[in-house]
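Asker: Sequence unavailable; structure follows:
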């Protein structure tokens, strides 16, 4: 029987996986909005806007859930992380706000106004900065460079995250999200019947997938000195190897499906790949929430609080999942939309 700490930690990890897949694909859409090019530049941006427009705000519910679970279930770990990393956390939140505001203003601004292009640029730049900062935060948490003594952070507010390993984790997150988005957009374009746009995003997906592999290798090499506990977990724990095999299988399946233009399979495989990467990170870091001081067990709230949180989580899930199903059914379960109904200059 799993303990309440493991149940809540698992729920937090599931929320982060869902945010990485759905929110990550939205961030990646902003990357490709910036790099839209060629004779179909307007159509590429129109596809991105139509793909993420109806659902992008809902995807943040998973990040909110993960944060609420962290500060309610593991308050001392939340306190240490939020204090030590308040600079990148604040910058990330600013990026999310700027990104959402710019996306909305661009959608309703005059298409022939220069301000509309500036909103688009802000949307894209915030979409690039935010996932990098998310990766930097995750990399710093795993690095062991945050030191806490008697509840006080003693390692400073800049040095722990301005190191090669966290920065490369940030680049890895950006590449992975761009890969996710390209695969999703290729599938969307294929469903809409646009062979040209499908080829555009298929090519981007293949390039982004290769970049993910290269950055992953550099990040792993840096982990020997930058995150030794994670490196040891990735290589020295027998129960993590099945995860590595599963992740590699998902990655090869996604690449093969893209090459063969089986976009439905590619989309499922890249979702599995992304989720398995996060699960592998959690497995290699277990039982730490913040290396090397805070674990699932020494930072947990009192047992009664944890029990009430599990009850609240179950009750909330009974409302959340049906609501999200209806949302996706309405906006994603209908016939393929027309993506060429509004061209941009």
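Answerer: Ah, there it is. None of the values given here were measured: they were computed from a predicted structure. Numbers count the residues shown, from 1 in each chain.
Asker: any idea which helix or strand of the chain has the worst average confidence?
Answerer: When the helices and strands of the chain are compared on mean pLDDT, DSSP states H and E, helix 228-236 comes out lowest with a mean of 87.
Asker: what's the distance between residue 266 and residue 274?
Answerer: As judged by C-beta to C-beta, to the nearest Å, residue 266 and residue 274 stand 12 Å apart. Just so you know, the C-beta spots here come from the backbone N, C-alpha and C atoms, and that holds for glycine as well.
Asker: let me fix that: residue 7
Answerer: 23 Å.
Asker: Which one of the two is surrounded by more residues?
Answerer: Ranked by neighbour count (other C-beta atoms under 10 Å), residue 7 and residue 274 place residue 274 first, with 24 against 17.
Asker: hmm, who's touching the least confident helix or strand of the chain?
Answerer: Helix 228-236 is contacted by residues 142-144, 220, 223-224, 240, 244, 280-281, 283-286, 288, 291-292 when judged by C-beta atoms under 8 Å, 6 or more residues apart in numbering.
Asker: Can I have the buried ones of these as a ChimeraX selection?
Answerer: Of the contacts of helix 228-236, the buried ones go into a single ChimeraX selection, burial set by 16 or more other C-beta atoms under 10 Å:
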select :142,143,144,220,223,240,280,281,283,284,285,286,288,291
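Asker: Let's see which of the contacts of helix 228-236 end up in strands.
Answerer: Counted as lying in strands by DSSP state E, out of these, are residue 288.
Asker: What's the first helix or strand after the helix or strand residue 14 falls within?
Answerer: Assessed by DSSP states H and E, residue 14 sits inside helix 4-18. Later in the chain than helix 4-18, the nearest helix or strand by DSSP H and E is helix 24-34.
Asker: chain center to the least confident helix or strand of the chain, what's the gap?
Answerer: 22 Å (C-alpha atoms, centre = their mean, to the nearest Å).
Asker: May I see the buried residues of it?
Answerer: 229, 230, 231, 233, 234.
Asker: the helices in the chain, which residues?
Answerer: 4-18, 24-34, 41-52, 60-73, 75-84, 86-108, 114-143, 164-192, 195-226, 228-236, 241-259, 263-285, 303-332 (DSSP state H).
Asker: What is the first one packed up against?
Answerer: What it means is helix 4-18. helix 60-73, helix 263-285, helix 303-332 (3 or more C-beta pairs under 8 Å, 6 or more residues apart in numbering; DSSP states H and E).
Asker: can you put those helices in CSV and add distance to residue 51 and mean pLDDT?
Answerer: Formatted as CSV, the helices and strands packed on helix 4-18 follow (distance: least, C-beta to C-beta, whole Å; pLDDT from 0 to 100):
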stretch, distance to residue 51, mean pLDDT
helix 60-73, 17, 95
helix 263-285, 12, 95
helix 303-332, 9, 91
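Asker: closest to residue 38 out of the ones you listed?
Answerer: helix 263-285 (20.1 Å; C-beta to C-beta).
Asker: Other residues contacting that closest one?
Answerer: 13, 16-17, 20-21, 24, 138, 142, 176, 179-180, 183-184, 186-187, 190, 198, 202, 205, 229-230, 232-234, 237, 239-240, 243-244, 246-247, 250-251, 253-254, 257-258, 291.
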